[in-house]
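J.: below are the sequence and a predicted model for it; my questions follow.
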Amino acid sequence: GAVVSQHPSRVICKSGTSVKIECRSLDFQATTMFWYRQFPKQSLMLMATSNEGSKATYEQGVEKDKFLINHASLTLSTLTVTSAHPEDSSFYICSAPAQGFVGNQPQHFGDGTRLSIL
Amino acid sequence: DQQVKQNSPSLSVQEGRISILNCDYTNSMFDYFLWYKKYPAEGPTFLISISSIKDKNEDGRFTVFLNKSAKHLSLHIVPSQPGDSAVYFCAASTGGTSYGKLTFGQGTILTVHP
């Protein structure tokens, strides 16, 4: 079964709207989660690292004021796309390490959110 | 700068045969490599991984080979099944403070024909 739950799975909204996407770790705690974005026929690109209790760290070229990340608890990280525009339309997906964060281990991914801005 | 490359956008294989998916990387700091399988509108599902201290890791029908000198890894699926049809991504990380940060290839669409 899924170990990372992401909601909503699809959003269609008007330009200028802010959209919140939730990522939850199920049955385990995740002090760190990651947010990726995938454009059509392209690779998944890391946007930011979400840290519980502290500020997120953003990859180069990602606007932190545009993509607000809040990791308020050990099981929940949220990504808010503020004042979304058509160019923000993409597939957003989160991940979390399965158990804690010790050494190399696979990330478990949510099912993603398809964001479409009209 | 594409640090992880999957040069074959697609691969078509007959059921029962071997599927070989390839991946090349440029960053010599990568020390952990993973393969994920992805269906449309779903998140990637972890398949198998390998640490840079190894050159082979096997899990059932899936085997990953790592050639560090060539900066190349491959995923072998034997025997291939129609249910294996999906997009396959290779990914890599550098460890240290970057644990968990994955750099993905572009993906290869695998189609297994009955």
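T.: Alright, I've got the coordinates.

J.: contacts (any at all) between chain B and the helix or strand of chain A with the lowest mean pLDDT?
T.: Counting by mean pLDDT, DSSP states H and E, the weakest-scoring helix or strand in chain A turns out to be strand A:107-109, with a mean of 88. Yes - counting by C-beta under 8 Å from any C-beta of the partner chain, chain B is contacted by strand A:107-109 at A:Gln107, A:His108, A:Phe109. All C-beta spots, glycine's among them, are computed from the backbone N, C-alpha and C.

J.: do stretch A:79-86 as well
T.: No - under the criterion of C-beta under 8 Å from any C-beta, stretch A:79-86 makes no contact with chain B; the nearest approach is 14.3 Å.

J.: what are the buried residues along that stretch?
T.: A:Leu79, A:Val81, A:Ala84 (16 or more other C-beta atoms under 10 Å in any protein chain shown).

J.: now do the contacts for the second one.
T.: Applying C-beta atoms under 8 Å, 6 or more residues apart in numbering or on different chains to A:Val81 gives the contacts A:Ser18, A:Val19, A:Ile21, A:Lys66, A:Phe67, A:Asp88, A:Tyr92, A:Leu115.

J.: now do the contacts for whatever residue of chain B ends up closest to chain A.
T.: Using C-beta to the nearest C-beta, the point where chain B gets nearest to chain A is B:Gly43, with a distance of 3.4 Å. For B:Gly43, the contacting residues are A:Val4, A:Gln6, A:Ile93, A:Ser95, A:Phe109, A:Gly110, A:Asp111, A:Gly112, taking C-beta under 8 Å, 6+ apart as the criterion.

J.: please name the bridge partners of the second one.
T.: Read it as A:Gln6. When bridges are assigned using DSSP bridges, the partners listed for A:Gln6 are A:Cys23.

J.: pLDDT score assigned to the residue lying closest to A:Lys41 once chain neighbours are set aside?
T.: Nearest in space to A:Lys41, with sequence neighbours left out and distances taken as C-beta to C-beta, 6 or more residues apart in numbering or on different chains, is B:Gln106 at 7.9 Å. Reading off the per-residue confidence, B:Gln106 sits at a pLDDT of 94.

J.: what residues are up against B:Gln106?
T.: The neighbourhood of B:Gln106, defined by C-beta under 8 Å, 6+ apart, consists of A:Lys41, A:Gln42, A:Ser43, B:Gln2, B:Lys5, B:Gln6, B:Pro9.
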